[in-house]
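A.B. asks: just a sequence and a predicted model for now, questions to come.
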Amino acid sequence: MKNKIINTLLIILLVLSTIISAQEQKGNFNIVVLSDVHISNDQSKDKRLHDLIEKINSEEIPNVKFVVVTGDFVSAVYSAGKERIDENSRLVKGISIMNNLKVPYYIALGNHDYKIDNDRDSDTYFPESEIIEMEKLWMDVTGLDKYFVVEESGWNFIFLNSMRGRYLHRAFDDKQMTWFENVLKKEKPAVLFFHHPIETDNLPKIFSKGHKDLITPENEPEFFELVNKHKKNIKGIFFGHVHIWAKDVLYKTIPTYLTNSFGDEKGMPFNLLKIDLDKNQIKVEKFHLDKE
């Protein structure tokens, strides 16, 4: 009788272990969201990245599936007047640091990422030829496309490019919006990442309706129409650019997160995006790498 009870308990433990193992495989996961890293000749910014990577690799920041940068990974690709070779490339330097991560990383391109050097004004008009040239440079170094989607655990993590339409005096180009629509048609839970801020239900005080960098329904109607149409599946939108924290909502449904500058602001701020696969929802926590 005693052996029968022991055997029964062992079977129960085995079943429970199998269930727990299956749940862990399905498991929820975290995403580290950075913005405006601004890798430059300032070595303290390199150290910030190294420190973050160490905490991710050691799992001090737990259960990280991948790392996201919402634009302005570099302040400019080269210093003005420097020979344009790999040894002088801030992009090559920054990516060599990111390659120390034990998890994947993905970068949405920002205006500074299109600056060939410090003499280039990244807030003005860009001809299409220059945009294409810079995107090729990024592809050659990172292997990342100008916009793309990462499919993970039944979710779509969509990386848009709010600089791609600059040659049209816009944020997004038509081809990108067609691609975006086709991704949204898959009706999967989705999170959006890009660089420039959008007009949300309650505009941060720093913005005005006429702010030149603000993406609005007036200057990007197709983007807002698509987001509104698919708002049930869009679980969150992340952007940066203006180096402040701000949380809001779009269409009273979609949470939006403006992430402060990891590279420039005190405390090395970032967002930790928690994906709950069972509930099909997200939770976002604001972190500072340096809490002092």
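C.D. replies: Great, that's in hand.
A.B. asks: so what's the residue count around the nearest residue to His288 once chain neighbours are set aside?
C.D. replies: Nearest non-adjacent residue to His288, counting by C-beta to C-beta, 6 or more residues apart in numbering: Gly267, 3.6 Å away. Just so you know, the C-beta spots here come from the backbone N, C-alpha and C atoms, and that holds for glycine as well. By other C-beta atoms under 10 Å, 13 other residues sit near Gly267.
A.B. asks: with Lys229 instead?
C.D. replies: Residues lying near Lys229 (other C-beta under 10 Å) number 13.
A.B. asks: give the contact list for it.
C.D. replies: By C-beta atoms under 8 Å, 6 or more residues apart in numbering, the contact list for Lys229 reads Leu184.
A.B. asks: strands of this structure, start to end?
C.D. replies: For the chain, strands defined by DSSP state E occupy the ranges 29-34, 64-69, 105-107, 148-152, 155-159, 190-193, 234-239, 246-250, 254-258, 269-276, 281-288.
A.B. asks: show me where this protein has helices.
C.D. replies: 2-26, 43-57, 90-98, 128-142, 174-184, 221-229 (DSSP state H).
A.B. asks: okay if I get those helices as a markdown table plus distance to Leu277 and mean pLDDT?
C.D. replies: Below are the helices of the chain laid out as a markdown table (distance: least, C-beta to C-beta, whole Å; pLDDT from 0 to 100):
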| stretch | distance to Leu277 | mean pLDDT |
| --- | --- | --- |
| helix 2-26 | 6 | 45 |
| helix 43-57 | 21 | 97 |
| helix 90-98 | 26 | 98 |
| helix 128-142 | 28 | 97 |
| helix 174-184 | 19 | 99 |
| helix 221-229 | 23 | 98 |
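A.B. asks: any chance of TSV for those helices, columns distance to Ser35?
C.D. replies: Formatted as TSV, these follow (distance: least, C-beta to C-beta, whole Å):
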stretch	distance to Ser35
helix 2-26	30
helix 43-57	13
helix 90-98	14
helix 128-142	17
helix 174-184	20
helix 221-229	19
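A.B. asks: who wins for proximity to Ala246 among those?
C.D. replies: Ala246 lies closest to helix 221-229 among the helices of the chain, at 17.7 Å (C-beta to C-beta).
A.B. asks: which of the residues in that closest one are buried?
C.D. replies: Neighbour counts over helix 221-229 (16 or more other C-beta atoms under 10 Å) mark Glu222, Phe223, Phe224, Leu226, Val227 as buried.
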